[in-house]
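In: Build me a model:
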Amino acid sequence: MEKFNSAWRRLRRGNVSARAIALETQRRIRMALARRGERASLTALNEKPAQLTEHFARLSASALLEHFRSRTSPRFFPGFASAEQTAALQARLFPEETAGLLGEADAIASSHSWPLLGVYGRGFGEDEVDWNTDPLSGKPWPLSYHADINLIPNDGSDVRVLWELNRLGHFITLGRAYAVTRDEKFSTEFFRQLASWRAQNPVCLGVNWSCAMEVALRAMNLLAAFTLFLPSPNMSETELTQLLDMFDQHGAHIKRNLEFSYLGTSNHYLSDVIGLLWIGVMLPELKAARDWREWAFREMLSEMDKQILPDGAHYECSTGYHRFVLELLLYSFLLCRINGLEIEEKCWNKLRAMLEYVRAYLRPDGRAPLIGDTDGGQVMPIVKRSADDHAYTLALGAAIFGEANFKVKEQAVELVGIKMPAASLPEELVWILGEAGVLDYQSLPDGDTKKSAGFPDAGTFVLRDDDSYLLFNAGEVGLNGRGSHRHNDALSVEVSAYGSAFIVDPGTFVYTANLHERHLFRSTAYHSTVQVDDHEQRAILETEPFALGDSGDAAISRLEQYSEADQCTGRFSYRSGKTTMTHERMVSFFRRKRYWVILDHLFAGNFSKFSYRFHFAPGIKVTINDDGVVEARDLNNGSLLLLIAQGVQCEPDLEERYSSNNYAAKEVSLSVCWNTPKCNASFFLVPVSSGEDRETRLQKIKGTNS
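Out: Numbering: from 1, shown residues only. Prediction:
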C-alpha cells in the first residue's frame with residue numbers, strides 16, 4: 001500500500017490536471033502492453049539486420065561501403081567532414097591540447113582507461129571493457145530485460161556513471177586522434193571495443209537499454225565516430241554492416257521506448273527526439289529514416305517551445321541541464337541547417353536567448369554556478385568539460401550568430417595573420433564549424449562589459465559590474481512544479497569578485513551511489529539562504545532522490561536599476577503543518593562602491609530558530625574575527641570577501657560542508673551560519689582586492705544609506 005501511495009503522490013506532484021493524469025494512466029497501460037510484445041521478441045530484435053531502402057538493399061556490401069565513402073550528402077559538421085584539414089588546424093592551434101589528446105587516446109587503446117565524469121585514474125577492464133560493471137562500486141548490473149531493472153538498488157552503485165561509460169563518448173577521442181595521426185591502432189581499438197559492446201549488450205537486455213535517452217546519446221556519439229573512422233582501411237564491409245545494424249536497432253529502440261509523459265517532458269524526452277533526428281538525417285539509407293527525421297524535427301521544435309522559458313532558461317531550473325539542452329539544440333540546429341532543414345527565425349532567436357542566459361550567469365572566472373542538479377553530461381563530448389565549464393558554448397554562439405558579446409577576452413596570440421584570444425577559442429569550434437567558423441570568430445570585435453541582468457521567468461538575477469558578481473536564485477521548482485532536478489535553494493546567492501569565487505552553490509556530487517549524500521547536497525542547509533527551525537524549504541526524502549515537494553512558492557520582483565544601485569526582491573513561502581512562513585530577501589548592489597547588501601525579513605508563525613547560512617567555495621580560508629566580521633580569503637590571489645552581519649545578535653559558527661564541481665567528486669568546504677531567534681537580519685558583502693587595506697576599504701563604504 002505504501003508503494004502505491006508513493007507512486008500516486010509522484011503522479012499528482014506539481015501543476016498537473018486531472019485530464020493529464022487520465023491520459024498518462026492510459027499511456028502507461030499502452031506502454032506496458034507494448035513491452036509485452038518487445039519482451040517476446042528479444043532474440044529477433046537482436047538478430048534483426050538493418051532495414052535499408054529498396055535501392056540500398058539491392059547493393060552488394062562492397063558497393064554499399066563505396067557509397068558511404070563517396071557520398072556528398074547528407075553532411076555532418078564541417079570539422080568532422082573535413083577531418084584531415086581540421087586535424088592540421090587542431091595541431092597548429094592547440095599543440096599542448098593535441099599532445100594531451102593523443103596521450104588520452106593511447107591510454108584508451110592500451111589500458112582501457114579514460115576520464116569519466118569526476119572519476120579519474122581507473123581502467124574499465126583488462127582484456128576488454130566490462131560494459132556492465134559499475135565503475136564506482138565494482139558491482140555488476142544484471143543482463144535482464146531493460147524495463148525490469150531497478151535503477152536505484154541503494155547498494156553503492158550508480159547507474160549514471162555506468163551510463164556515461166556506455167554513451168561511448170571516448171570513441172570521439174579515438175576518432176580525433178586517428179584524424180591527427182592516421183595511426184590504425186586507434187581504428188583497431190575502436191572496432192574492437194564496438195564488437196565487445198555488441199556482444200555484451202544484446203538489444204533490450206541490460207541497463208544500457210533501460211533509458212532511451214542513453215540509447216540516443218550513444219547513437220549520436222557513434223555517428224560522430226563513424227564519420228571519423230569511415231576512411232580507415234579497418235572499416236570493412238562487415239564493420240559497416242554491423243554499424244548499420246546498430247544504428248537501426250538504436251533508432252527502433254528509442255521509438256519503442258520514448259520517455260514521453262503527459263505530466264511533463266524533460267531533457268530525457270528531448271534527447272530521445274534528437275537522437276532519432278540525427279539518425280534520420282545522417283542515415284537516409286535506412287528504411288525508417290525519413291519517418292524518424294520528419295517526426296523528430298517537428299517534435300524537437302515543439303519541445304523547444306515547451307521547455308525553454310521566454311527569457312531563454314531551460315524550465316528544469318538547473319544550469320547543468322541548461323548547458324546540456326543548449327548543446328542538444330545548438331548542434332541539432334546546425335545539423336539541420338547544413339542539410340537543408342529550415343528552422344523558423346523565432347526558434348533561432350530562442351536559441352540565442354539560451355546563450356544570452358549562459359553569458360549572464362557565468363562568473364568572472366568563466367565558470368558556471370551549479371544551480372540545481374548537474375551530472376556533467378555533454379552532448380558529443382569533443383573535449384571533456386567539468387560540470388561548471390559552460391563558456392565553450394558561447395564561442396560557438398559567437399561564430400554562429402556573429403555576436404561579439406559571446407566572446408571571452410583573453411591574452412591574444414597570432415593566428416592566420418589575425419590576433420585573437422586563444423584561451424577563448426575552444427577545440428569544439430574547430431571540430432563543429434571548421435576553419436570557416438574559426439575565421440568568423442576571429443573577425444568579431446571584443447564584446448561589452450557585463451552588467452546586471454534579470455531573467456524573471458527563470459527567477460535568476462545577476463547583480464554585477466564586470467567582475468563584481470552576485471547571482472540571486474529565486475526560481476520556481478521547475479518542470480511544471482514537479483522539480484526533479486531542483487534543490488532546496490530558494491533565495492540563495494553566489495558571490496564572486498576580483499577573480500575569486502567566494503560564495504558558491506555546492507553542486508550535486510552523486511545521484512544514487514549514496515542516497516544520504518544526495519539528500520545533503522540538495523538540502524536547505526547546504527545552500528546560502530535561510531533555514532527555519534531546521535525544516536526543509538520543500539519536502540525531500542532520501543528514498544526519493546528525484547522528488548521535490550511542491551509545498552513552497554517562490555515569487556520575485558523585477559530587477560530595479562537606480563543611479564547608484566541595482567536591486568531586486570524575492571519571496572519564498574512554505575508551510576509547516578497549518579503554519580505558513582514567508583521569507584523575503586532583498587539584494588542591493590552598490591555599483592560605484594562595489595558591495596552588496598542582503599536584507600532578510602521572515603514573516604513567521606510559530607518558529608523559534610532562523611539559520612542564516614553562506615556556503616564558501618573549496619580552498620577559501622574562512623576566519624571569524626574578534627569584531628564578528630567573517631573574513632573569506634582566496635589564498636591563491638589574496639583577495640577577500642568581508643561578510644558583516646547586523647541584527648542577528650549572536651556569533652556565527654563554522655560548519656564543515658562539501659562542494660562538487662564534477663559528478664562523483666567532492667571537496668571539503670565551509671559554511672558560516674548564524675543561528676538566532678531573530679527573524680530580521682542584514683548582511684554586508686564587501687570584496688577587497690589583494691592590493692587594498694581591509695580597514696581602508698570599509699571606511700570607503702561607511703555612512704552609505706543601504
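In: Spatially nearest residue to residue 432 (excluding sequence neighbours)?
Out: Leaving aside its sequence neighbours, residue 432 sits nearest to residue 77 (CB to CB, 6 or more residues apart in numbering; 4.9 Å). Any C-beta I mention is one placed from the backbone N, CA and C, and that applies to glycine too.
In: and residue 253, how many neighbours does it have?
Out: By other CB atoms under 10 Å, the residues close to residue 253 number 20.
In: What separation do you get for it and residue 47?
Out: According to CB to CB, to the nearest Å, residue 253 and residue 47 sit 14 Å apart.
In: ok, now which ones touch the closest residue to residue 142 other than its chain neighbours?
Out: Nearest in space to residue 142, with sequence neighbours left out and distances taken as CB to CB, 6+ apart, is residue 149 at 6.4 Å. Listed by CB atoms under 8 Å, 6 or more residues apart in numbering, the contact partners of residue 149 are 141-142, 206-207, 210.
In: Swap in 10 Å and give it another go.
Out: Contact analysis of residue 149 by CB atoms under 10 Å, 6 or more residues apart in numbering lists 141-143, 159, 205-207, 209-210.
In: And residue 228, by the same measure?
Out: Residue 228 touches 76, 80-81, 83, 86-87, 171-172, 174-179, 186-187, 190, 431, counting by CB under 10 Å, 6+ apart.
In: can you do 6 Å?
Out: 83, 175, 179 (CB atoms under 6 Å, 6 or more residues apart in numbering).
In: How far away from the center of its chain is the helix or strand residue 291 falls within?
Out: Using DSSP states H and E, residue 291 sits within helix 289-307. Helix 289-307 has its C-alpha centroid displaced from the chain centroid by 21 Å (CA atoms, centre = their mean, to the nearest Å).
In: List the buried residues of whichever helix or strand comes after that helix.
Out: Downstream of helix 289-307, the next assigned helix or strand under DSSP H and E is helix 319-338. When burial is assessed from 16 or more other CB atoms under 10 Å, helix 319-338 yields the following buried residues: 319-336, 338.
In: One more: stretch 649-659?
Out: Quick answer for stretch 649-659 (16+ other CB under 10 Å): 652, 657-659.
In: Helix, strand, or coil at residue 582?
Out: Classification of residue 582 using DSSP: H, G, I helix; E, B strand; the rest coil returns strand.
In: Run through the residues that contact it.
Out: Contacts of residue 582 by CB under 6 Å, 6+ apart are 571, 573, 603.
In: do you know how far the second one is from residue 667?
Out: Spelled out, that is residue 573. 34 Å.
In: residues of the helix or strand containing residue 30 that come out buried?
Out: Element membership of residue 30 [criterion: DSSP H and E] is helix 18-40. Neighbour-count burial for helix 18-40 flags 20, 24, 35, 38 (criterion: 16+ other CB under 10 Å).
In: Please work out the average pLDDT along stretch 240-251.
Out: Average pLDDT, stretch 240-251: 98.
In: Please apply the same query to stretch 525-534.
Out: Averaged across stretch 525-534, the pLDDT comes to 95.
In: Repeat that for stretch 596-605.
Out: Across stretch 596-605, the average pLDDT comes to 91.
In: list the buried ones in it?
Out: Neighbour-count burial for stretch 596-605, counted by 16+ other CB under 10 Å, picks out 596-602, 604.
In: Which of those fall in strands?
Out: 596-602 (DSSP state E).
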